[in-house]
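# quick one: sequence and predicted model below, then my questions.
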Amino acid sequence: MSPTTLPAGPEHGHVTFLGAGPGDPGLLTLRAVEALANADVLVAEHEVLDVVRAHARAGVAIVNTDPGPSAGVSADPVPGTGTPQLTVVDGTSTTVGAPAERDAAHLVMEAARGGRRVVRAVPGDPGLDTCAAEEMLACAAAGVPFEVVPGIAAAVGVPAYAGVPLRDAQGADVRFVDARTASDRCWTEVGASDGTVVVSTTLDSVAAAAGELVSAGRKPDTPMTVTVAGTTTRQRTWSATLGTIAQTLKQAKVLPSPDGGRPVIAVVGERSAAAQRDQLSWFESKPLFGWKVLVPRTKEQAASLSDQLRSYGAVPHEVPTIAVEPPRTPQQMERAVKGLVTGRYEWIAFTSVNAVKAVREKFEEYGLDARAFAGIKVAAVGEQTAKALIAFGVKPDLVPSGEQSAAGLLEDWPPYDPVFDPIDRVFLPRADIATETLVAGLIELGWEVDDVTAYRTVRASPPPAETREAIKGGGFDAVLFTSSSTVRNLVGIAGKPHNVTVIACIGPATAKTAEEHGLRVDVMAPEPSVLKLAEALAEFGARRRASAVEAGDPVTRPSERRPGARRRRSTT
């Protein structure tokens, strides 16, 4: 792809100062997502870019405000101007590093030249960011129009995710303190108050902040919570008092950070509900909170499963093990699609999302759309396949009422009746490695079947080395196997998952294949559905967490267990 240079010019563009929130990308506002989708240039530090980048359009120029230019990306001046040019590679986004001598205000205004729409994203809320305030003043002085999109401040969002409400029914006073800039007078004022204090500080300075509050008049036994990496799946919260927080962190083996300490939010106060956190901790108590779960599927199929895993607090890692390719001889598929149009078939049966995709692509190749299904009955093997058909504009006539499988589809499939069925033929587009269960069952019911290879499934390329090491070394907490082929292919391209990794299988056949490969199956779905499989893993995680809490043990992830620890099989 050839790079396209956005030339600098005298015209002023427009700048949107956008609050990216405390860390969870799901906390971005609708207005923020809209602004990101329309931006020509995105300016932010590295951690904020991780939150907002997914909502930026393809081709956006990304300016990283962290010092140091990014390798391989042009940040040279436009000839004769001395002004940096932003280089954008067509169809992708590129990153321009911020030279150390250039402050963010200059970068923002330079990015806005030439009529560009710039989004300046900052952590939390722009109104609480001192750097953003200075950059707004610089824009105002230079005549660059700007707007502000508020975000959720960390001092408010993090306690909510930690299960620590800041006010009670009596309406306690709430004070906010940035310990990194607080004066002696500020500490004295909050120390004299009996309200809730929200302290923004660093992990290495928490004990010092607690000492300041005690010196200012707060009692040492005042409840205190400390949350690091708030609103993300790395979040961790400790409950203590002003007098015991230092010892609590020491016992938890929280070590000093070489970079000066990670930002944290501490909440102090008798009425801050810190004492009731065990009942109010809704985020960290999710059944799979922080679990790294391997999803070995094709990327298109993994999306809905990954979304469900995230709702349980997991961190899904998608590793394609199966690549989908067109059939080696497309003529059979071409004849079948033409037969649909000419009335050759009474039914068409879809046994996978990939089969729907293959037929849809062939339709588009011929200039056809969903109207070509008029007069043809359509069957789908399960809910996900049915959703893919509906997205295509086709409502299936038959979806299994029981088990979502070929066997379940056959149980509901009507036998051929020459009185009511003018045509006795079924079009079955499917994978090259599909089983013969459905074909044999339809023939037994009196139907003629055109069994057509719509796509081929082949083993995908091996994942990156670090992923392979995590799989074999116990870096993943769980792996979900949705078919026997995903077991064989994952082991083939990446190696066997470590003993501590929880193995979850979609059904008995997949579980048998896993056991044949030396894996111990911990979880099996109650029915062959990827969503039920995710639910079963979540139930396993919830029981595991409840057992640890009941025993008074710390709640840990499977990857944190001692290697060789025994696991109990679950078939729920």
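Good, I have the coordinates.
# neighbours of Lys362, how many?
Applying other CB atoms under 10 Å, we find 20 residues neighbouring Lys362. Using the backbone N, CA and C atoms, a C-beta is placed for each residue, glycine as well.
# walk me through which strands whichever strand or helix holds Val426 pairs with, and which way each runs.
Assignment of secondary structure by DSSP states H and E places Val426 within strand 425-431. Strand 425-431 sits in its sheet next to strand 347-350 (parallel), strand 448-459 (parallel), going by DSSP bridges.
# give me the helices and strands touching the next helix or strand after the last one, please.
Remark: after strand 448-459, the chain's next helix or strand is helix 465-473, criterion DSSP H and E. Secondary structure elements in contact with helix 465-473, counted by 3 or more CB pairs under 8 Å, 6 or more residues apart in numbering; DSSP states H and E, are helix 484-494.
# restricting to C-alpha, output the helix it packs on in CSV.
This file holds the C-alpha atoms of helix 484-494, laid out as CSV (Å, rounded to 0.1, in the frame of the first residue of the first chain):
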residue,chain,number,x,y,z
SER,A,484,-13.0,-32.5,17.7
SER,A,485,-11.2,-30.7,14.9
THR,A,486,-10.4,-27.8,17.1
VAL,A,487,-8.7,-30.2,19.6
ARG,A,488,-6.6,-31.9,16.9
ASN,A,489,-5.7,-28.6,15.2
LEU,A,490,-4.8,-26.7,18.3
VAL,A,491,-2.5,-29.5,19.5
GLY,A,492,-1.1,-29.8,16.0
ILE,A,493,-0.2,-26.1,15.6
ALA,A,494,0.5,-25.0,19.2
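# for the helix or strand following that helix, packing partners?
Per DSSP H and E, the first helix or strand lying C-terminal to helix 484-494 is strand 502-505. In this structure, strand 502-505 packs against strand 478-481, helix 508-516, strand 523-524, helix 530-551, with contacts taken as 3+ CB pairs under 8 Å, 6+ apart.
# sorry, back to before: mind checking which of the strands paired with strand 425-431 is nearest Ala246?
Taking CB to CB, strand 448-459 is the member of the strands paired with strand 425-431 nearest to Ala246, at 53.5 Å.
# beta-bridge partners for the nearest residue to Asp522 once chain neighbours are set aside, please?
The shortest distance from Asp522 to any residue that is not its chain neighbour, by CB to CB, 6 or more residues apart in numbering, is 4.8 Å, and that residue is Val502. Taking DSSP bridges, one finds Ala478 as the beta-bridge partners of Val502.
# isn't Val502 up against Pro558?
Yes: using CB atoms under 8 Å, Val502 is in contact with Pro558, at 5.2 Å.
# what sits against Ala209?
The neighbourhood of Ala209, defined by CB atoms under 8 Å, 6 or more residues apart in numbering, consists of Ala179, Val199, Thr201, Ala266.
# run the last query once more with 10 Å
By CB atoms under 10 Å, 6 or more residues apart in numbering, the residues touching Ala209 are 177, 179-180, 182, 187, 197, 199-202, 224, 226, 242, 245, 264, 266, 268.
# distance of the nearest residue to Phe289 once chain neighbours are set aside from Val479?
Distance criterion CB to CB, 6+ apart; nearest residue to Phe289, sequence neighbours excluded, is Gly313 at 3.6 Å. Relative to Val479, Gly313 is positioned 17 Å away (CB to CB, to the nearest Å).
# these two: which is more packed in?
Each of Gly313 and Val479 had its neighbours counted (other CB under 10 Å), and the higher figure belongs to Val479 (26 against 19).
# surely the more buried one touches Ile506?
No: assessed by CB atoms under 10 Å, Val479 is found out of contact with Ile506, at 12.0 Å.
# now the common contact residues for the two.
Counting by CB under 10 Å, 6+ apart, the contacts common to Val479 and Ile506 are Thr486.
# residue ranges in the protein under the pLDDT threshold?
Counting by pLDDT under 70, the chain contains low-confidence residues at 1-11, 67-102, 169, 171, 256-261, 271-276, 298-303, 434-435, 561-572.
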